[in-house]
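Trainee: This is a predicted model, with the sequence first.
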Amino acid sequence: MTQRMKLSLSAQLVLGFVFLALLTTVAIAAIQLIGDRLEQQAWAQVEQGARASEALLAATENDIQNLARLTAQRPTLLELLQDPEQETLFEYLNTLRLTTGLDMILLCNNENLLLSIDETIPLSPDCENITPQGYHIFSGEGSHNAMLTDTSMVYSAEQEIARVVVGLHLDASLMSKMKSQTDMEHLLWMDDTILATNFPSRHELSGIQNHTQQYEKTQENKRSSFSLDGRLYYASYYAIDQTDLEIEVALDVTDIITTRRQLVWSLIGVIFVIAAIGSSLGILLVRNIGKSFQNLTHAAARISEGDLDTPVQFISHVREATLVAQTLEKARQDLNRIVTELREEKAWGDHLLEGIVEGIVTLDSQNKITFFSSGAEKISGWTTEQVLHHPCDTYFQPIDHTQTFTELIPAPGQRRRFRVKMAENKIAMLAISGARLAPTEVHEAEIVFVFRDISEEDAVHRLMGHFMANISHEFRTPLTAVAASVELLVEEAADLSPGELQQLLNSLHLGLLSLQTLVDNLIESASIETGHFRVSPRAVELTDIISESVAILQPLLEKYEQSLDIQLPLDLPMVIADPRRSTQVIVNLLSNANKYAPQGSHIVVHAVKYGELIKIEIVDRGPGIPEDKRSEIFRRFAYIVQDEHASAQYGAGLGLSVVKAIVEAQGGTIGVADNPEGGSIFWFTLPFKEAR
């Protein structure tokens with residue numbers, strides 16, 4: 001009975017394969033038949049379009065002949081030819097050309113060209129190159145133009161007094177007209193050159209040049225195919241009699257090819273579906289053979305792929321198979337419990353490492369990176385994929401040290417700080433501590449080091465020292481001047497002349513002005529730091545803000561004999577700004593210009609419209625700002641210019657940061673550029689109020 005079942009199963013499988021083979025053969029034949037039929041229909045449509053295009057061209061020739069005769073027979077033309085005013089004749093012919101759709105109308109007597117209503121065609125003055133009718137090629141500067149012409153005589157008293165030559169360009173317009181009649185693309189060729197086409201852009205047709213090598217000649221026409229801009233075209237050519245011109249009629253068959261491809265895939269899909277059905281029937285036939293062990297195999301495969309959640313459910317009358325299934329289920333439960341515990345421990349460790357902002361890196365015995373934490377990625381700029389299993393010294397390069405990075409890693413329990421170059425040439429001050437992991441039975445001991453970027457802390461530490469030194473000097477200098485002036489006034493006021501008194505009062509005023517500017521910048525910087533900084537913009541005259549700022553800085557300008565030139569256009573609109581804080585901006589910028597420009601130099605303040613903003617510029621003749629420092633000068637405690645010709649050598653490093661905060665809070669921007677005549681141009685923008 002078992003033998004008969006095997007034979008029956010084999011026979012059915014053979015019959016199934018035979019059926020699938022026959023079905024595949026039929027499908028392939030159907031695919032070939034459909035493809036051939038669709039291609040034949042496409043070529044038939046192309047050839048029909050070529051015949052229609054040829055008929056349209058013949059109709060166009062007939063129209064040109066009729067227009068030539070009608071033009072020559074117009075009474076008005078005869079009257080105007082006898083009128084010496086050629087301008088009237090030109091206007092008449094030009095109007096006639098526009099109304100009839102012609103591109104060219106020429107008048108010629110027996111010897112000379114009288115009048116041309118087309119300047120694009122090169123003509124000799126004796127009319128030698130004017131032929132009666134037909135197709136003509138006119139060559140220009142590296143290009144060719146084709147034209148269809150016809151001629152007719154103008155008679156007066158049965159005497160020929162002139163010839164009328166009319167012409168129509170064989171250009172993109174004519175090609176488009178022929179497309180509208182045939183719904184196909186048209187190209188006009190001469191040898192291997194396209195003279196006209198209705199394709200959108202002629203430079204896109206470079207892919208179908210040298211077309212004469214692509215077509216095959218038949219008894220009736222010439223065929224070719226080409227691709228353009230991802231579209232497939234079938235084309236047919238026909239020559240224009242007695243010329244070197246050919247017209248190509250192209251049909252976009254992309255959709256036809258797509259349809260054929262879809263049909264092919266549909267048939268292939270049907271084959272696959274039937275094959276699947278046949279295979280399913282075959283599987284059903286052999287299902288009872290080895291069913292128990294197949295189920296066990298699937299269960300074992302799921303477990304090996306990591307699926308530990310699906311229970312091993314098995315029912316069988318085979319005792320051994322049942323025992324194997326029970327053992328496999330117990331193993332699944334034990335593995336699931338162990339894997340769950342390991343995942344929880346790993347997740348806890350990953351969350352712990354992600355919460356640590358410091359970088360953690362482990363190295364093997366060859367100093368290759370075996371672990372790279374997320375904190376290390378953020379600090380260094382390298383990703384784990386970039387550095388894993390690569391030498392550490394390749395990515396961490398110490399600055400100002402001859403040793404390699406791994407040689408500088410401190411011993412366990414110690415800490416070291418030094419500058420390191422990392423990703424994108426970033427240089428950072430790192431604080432590094434090291435440790436050694438205990439070796440396991442199968443691995444050698446690994447080195448682990450933890451590092452933290454302390455560049456900002458180090459920079460702040462150095463900047464604060466510089467800031468304290470500068471701020472002390474900034475306070476001491478005006479306070480010393482104020483104290484000296486007050487002491488002289490207290491002790492010798494009665495003996496001082498009016499000029500000396502005025503000089504002491506000016507010194508007091510300058511000292512108080514410096515102190516007030518410094519205190520204002522300190523207060524504004526503190527309010528920016530604490531988040532209490534606010535502006536109150538409103539419509540205000542920019543001239544008022546500049547005038548008030550100049551009045552405040554005038555004593556300083558007079559002290560250093562510096563001249564100030566204010567250049568404002570008369571039609572300058574009102575700006576939207578906080579008057580007090582905007583005055584503070586200009587005072588700070590003018591103060592810097594006064595401070596760093598040489599004594600007796602010239603300072604310019606001017607404003608212009610800049611799109612939807614007003615741009616204000618302060619131009620000085622100071623030492624200028626190095627290009628690599630321009631990104632820093634608007635930060636607190638930033639770069640301070642040191643120049644032997646400047647009127648001051650120190651600064652608190654706060655003024656420009658306050659200026660930037662005020663300008664940006666009012667909706668503007670600020671920057672610095674080089675003065676072509678030497679010095680700097682500090683500029684900022686403010687929105688303005690549109691005039692009604």
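Mentor: Received it, and whenever you're ready, just let me know what you need.
Trainee: For the closest residue to residue 103 other than its chain neighbours, what are phi and psi?
Mentor: In space, not counting the residues next to it along the chain, residue 103 is nearest to residue 169; the distance is 4.3 Å by C-beta to C-beta, 6 or more residues apart in numbering. (C-beta placed from N, C-alpha, C; glycine too.) Dihedral angles of residue 169 (phi, psi; degrees, to the nearest 10) stand at phi -70, psi 130.
Trainee: if I read this right, residue 169 contacts residue 144, doesn't it?
Mentor: No - applying C-beta atoms under 8 Å, one finds residue 169 not in contact with residue 144, separated by 11.7 Å.
Trainee: Looking at the two, which one has more neighbours?
Mentor: Taking other C-beta atoms under 10 Å, residue 169 and residue 144 do not tie; residue 169 has more neighbours (20 against 14).
Trainee: Isn't residue 685 up against residue 666?
Mentor: No - at 9.2 Å, residue 685 does not count as touching residue 666 under the criterion of C-beta under 8 Å.
Trainee: Overlap in contacts, these two.
Mentor: Listed as contacting both residue 685 and residue 666 by C-beta atoms under 8 Å, 6 or more residues apart in numbering is no residue at all.
Trainee: where along the stretch 151-300 of the chain do the strands fall?
Mentor: Secondary structure of the stretch 151-300 of the chain (DSSP state E, counting those that start in this stretch): strands at 159-169, 185-190, 193-197, 216-217, 222-228, 231-239, 245-252.
Trainee: Now mean pLDDT too, for those, in a markdown table please.
Mentor: Below are those laid out as a markdown table (pLDDT from 0 to 100):
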| stretch | mean pLDDT |
| --- | --- |
| strand 159-169 | 82 |
| strand 185-190 | 85 |
| strand 193-197 | 82 |
| strand 216-217 | 42 |
| strand 222-228 | 80 |
| strand 231-239 | 85 |
| strand 245-252 | 86 |
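Trainee: Mind checking those strands for the one nearest to residue 362?
Mentor: Minimum separation from residue 362 across those (C-beta to C-beta) falls at strand 222-228, 56.4 Å.
Trainee: For the closest one, enumerate its sheet partners and note whether each is parallel or antiparallel.
Mentor: Strand pairing for strand 222-228, using DSSP bridges, gives strand 216-217 (antiparallel), strand 231-239 (antiparallel).
Trainee: who wins for proximity to residue 52 among these?
Mentor: strand 231-239 (11.0 Å).
Trainee: Buried residues in that closest one, which are they?
Mentor: 232-238 (16 or more other C-beta atoms under 10 Å).
Trainee: If we only consider these, which is nearest to residue 405?
Mentor: residue 232 (60.1 Å).
Trainee: How much space separates the closest one from residue 39?
Mentor: The gap separating residue 232 from residue 39 is 11 Å, by C-beta to C-beta, to the nearest Å.
Trainee: again, but for residue 626
Mentor: Applying C-beta to C-beta, the value for residue 626 to residue 39 is 72 Å.
Trainee: Of the two, which one has the most company?
Mentor: Neighbours around residue 626 and residue 39, counted as other C-beta under 10 Å, are more numerous at residue 39. The numbers are 15 against 11.
Trainee: Identify the residue nearest the geometric centre of this protein.
Mentor: Central residue of the chain (C-alpha atoms, centre = their mean): residue 424, 22.1 Å from the mean position.
Trainee: for that residue, what are its contacts?
Mentor: Here residue 424 is in contact with residue 381 (C-beta under 8 Å, 6+ apart).
Trainee: Can you tell me the SS state at it?
Mentor: Following DSSP: H, G, I helix; E, B strand; the rest coil, we place residue 424 in the helix state.
Trainee: From what I see, residue 398 and residue 416 are in contact.
Mentor: No - with contact defined as C-beta under 8 Å, residue 398 does not count as touching residue 416 (10.4 Å).
Trainee: Tell me the residues that contact both of these two, please.
Mentor: By C-beta under 8 Å, 6+ apart, the residues touching both residue 398 and residue 416 are residue 408.
Trainee: ok but residue 632 is inside a strand, no?
Mentor: No - if the criterion is three-state DSSP, then residue 632 is coil and not within a strand.
Trainee: right, and residue 105 touches residue 72 too?
Mentor: No - judged on C-beta under 8 Å, residue 105 makes no contact with residue 72 at a distance of 10.5 Å.
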